[in-house]
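sequence and computational prediction follow.
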Amino acid sequence: MAPATVLCIGMAGSGKTTFMQRLNSHLHSKKTPPYVINLDPAVLKVPFGANIDIRDSVKYKKVMEEYNLGPNGAIVTSLNLFSTKIDQVIKLVEKRSDKFENVIIDTPGQIECFIWSASGAIITEAFASTFPTVIAYIVDTPRNSSPTTFISNMLYACSILYKTKLPMIIVFNKTDVKKADFAKEWMQDFESFQSALREDQELNGEDGMSSGYMSSLVNSMSLMLEEFYSNLDVVGCSAFSGEGFDEFLDAVDNKVEEYNEYYKAERERILKQKEEDEKKRKAKSLNSLMKDLDIKDQNRKSGQDSEVLSDYEEDEEEDEYQGEVLRDEDETDREYTFPEDRNSEVSENTDADLQARYQAAFDATAKTASSKTAENIAEYIKR
Ligand SMILES: Nc1nc2c(ncn2[C@@H]2O[C@H](COP(=O)(O)OP(=O)(O)OP(=O)(O)O)[C@@H](O)[C@H]2O)c(=O)[nH]1
């Protein structure tokens, strides 16, 4: 059976790394050690043994210096560099996939660097199309006890769900400091959220985040989020004490079932559709190329070599241009990209030859595009 992949995502400081550490030791204690991957290039110390660590292949500090980037730009660039090797990473995991039941992945705290970057999408897509993949969205419970902060965080989670199109578990972490009951209640009962919002407003007055406008906006957003909440599993955890981790693993099983039942079929349908579209596009461009060649072929046979716009332009210029004539030495030096371009006159060969060259070039492009990474990148760009 393919191992379930848990992608830990969350705001900076929500406790992703500590959560990963606890989850790792929890799974070890159950005699089902996971395969561990660190995708945070900027982390100084990883407190768990990682099977794959992005820092082994990309040096964050060097990326910063070499590309003259700030911290976030360097994280994105490091992820870009790493994503070019994602095929190899997936192969490594696949090779050992019969030896473990879970793959757990830590991501950078700067969510936008991961979720909204091309490489983040490529990495997520690579795992999601190979293994049943689930997102664990880690929330710092004590810091989300204010209704406005809570809603902002839930909106972020919602946007991640729609971006990744993967099943999601909301993990209210740090329950040793504050229990997650209030948050669970807010997600189930709109009235209780509204009364918390009113209380917050009374406490903080009409200024700042709790102004009348803000509270009415937050109210409507929480109504809108009801549909989103209904698709989630919610778990309270403490990465410090280990509380709630059995419940979390049950939620992972639940979401893996959901993945196999709905998400997998939907992903396969989208991929198939894309493949068919790509085939049609290739066939269309090959057709128009062949048509083009055919026209040239006929023109040449009937001796109509000048039926090209530039040929007419040349004639007109020669006839009508009265000003200063551009001398040979004023012309820009021709730069040859490929050595064979120089011999273009020599190789003005038969049409069959030309057609064969086009076909070879076309085949070569198709071959390159069949690599998984290129496909992923192409798919992403297309999207
Ligand atoms: N009380 C308590 N503190 C926690 C818990 N989990 C993490 N922390 C603390 O929260 C802080 C941030 O934890 P990290 O695990 O570094 O958080 P992170 O999300 O990986 O941070 P970035 O990688 O910077 O995004 C640290 O001081 C942890 O000790 C928990 O369950 N309970």
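All right, it came through fine.

okay, now Glu227: neighbour count?
Neighbour count for Glu227, taken as other C-beta atoms under 10 Å: 9. Where you see a C-beta, it was placed from the backbone N, CA and C, and this is true even at glycine.

any idea which helix or strand carries it?
Following DSSP states H and E, one finds Glu227 within helix 226-229.

CA atoms of that helix as PDB?
Provided in PDB are the C-alpha atoms of helix 226-229 (Å, rounded to 0.1, in the frame of the first residue of the first chain):
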ATOM      1  CA  GLU A 226     -19.100  27.300   7.100                       C
ATOM      2  CA  GLU A 227     -18.900  25.300   3.800                       C
ATOM      3  CA  PHE A 228     -15.100  25.100   4.100                       C
ATOM      4  CA  TYR A 229     -15.300  23.900   7.700                       C
END
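
next helix or strand past that helix?
Once the chain leaves helix 226-229, the next helix or strand it forms, by DSSP H and E, is strand 233-236.

ok, that following strand near the ligand or not?
No: residues of strand 233-236 contacting the ligand under C-beta under 6 Å from any ligand atom: none, with a closest distance of 10.3 Å.

give the other helices and strands that that strand contacts.
Using 3 or more C-beta pairs under 8 Å, 6 or more residues apart in numbering; DSSP states H and E, the elements in contact with strand 233-236 are strand 168-173, helix 181-188, helix 245-258.

partners of that strand in the sheet?
Strand pairing for strand 233-236, using DSSP bridges, gives strand 168-173 (parallel).

and the partner strand, anywhere near the ligand?
Yes: legend: contact between strand 168-173 and the ligand by C-beta under 6 Å from any ligand atom is shown at Asn173.

now do the buried residues in whichever strand or helix holds Cys158.
Assigned by DSSP H and E, Cys158 falls within helix 147-164. Neighbour counts using 16 or more other C-beta atoms under 10 Å place 147-148, 150-154, 156-158, 160-161, 164 of helix 147-164 among the buried residues.

what's the answer for stretch 73-93, then?
Result for stretch 73-93 [16+ other C-beta under 10 Å]: buried residues 74-83, 86-87, 89-90, 93.

also stretch 241-250?
Across stretch 241-250, burial judged by 16+ other C-beta under 10 Å covers Gly244, Phe245, Phe248, Leu249.

re earlier: ok now the helix holding Cys158, how far from the chain's centre?
Per C-alpha atoms, centre = their mean, to the nearest Å, the displacement of helix 147-164 from the mean C-alpha position of its chain is 17 Å.

nearest residue to the middle of the chain?
Central residue of the chain (C-alpha atoms, centre = their mean): Ala121, 0.6 Å from the mean position.

tell me, how many residues neighbour Ser288?
Count around Ser288 with other C-beta under 10 Å applied: 10.

right, and Leu161 touches Ile135 too?
Yes: with contact defined as C-beta atoms under 8 Å, Leu161 counts as touching Ile135 (7.4 Å).

so what sits against both of the two?
Met168 (C-beta atoms under 8 Å, 6 or more residues apart in numbering).

can you pull the contacts of Thr17?
Under the criterion of C-beta under 8 Å, 6+ apart, the neighbours of Thr17 are Asp40, Val43, Val46, Pro47, Asp106.

now Ala4: phi and psi?
phi -80, psi 130 (degrees, to the nearest 10).

can you tell me how far the nearest residue to it once chain neighbours are set aside is from Ile151?
Leaving aside its sequence neighbours, Ala4 sits nearest to Val256 (C-beta to C-beta, 6 or more residues apart in numbering; 4.7 Å). The gap separating Val256 from Ile151 is 29 Å, by C-beta to C-beta, to the nearest Å.

that older thread, avg pLDDT for the helix holding Cys158?
On average, the pLDDT along helix 147-164 is 89.

which other helices and strands contact it?
If you count contacts as 3+ C-beta pairs under 8 Å, 6+ apart, helix 147-164 packs onto helix 111-115, helix 118-128, strand 133-140, strand 168-173, helix 181-188, helix 190-204, helix 212-224, helix 226-229.
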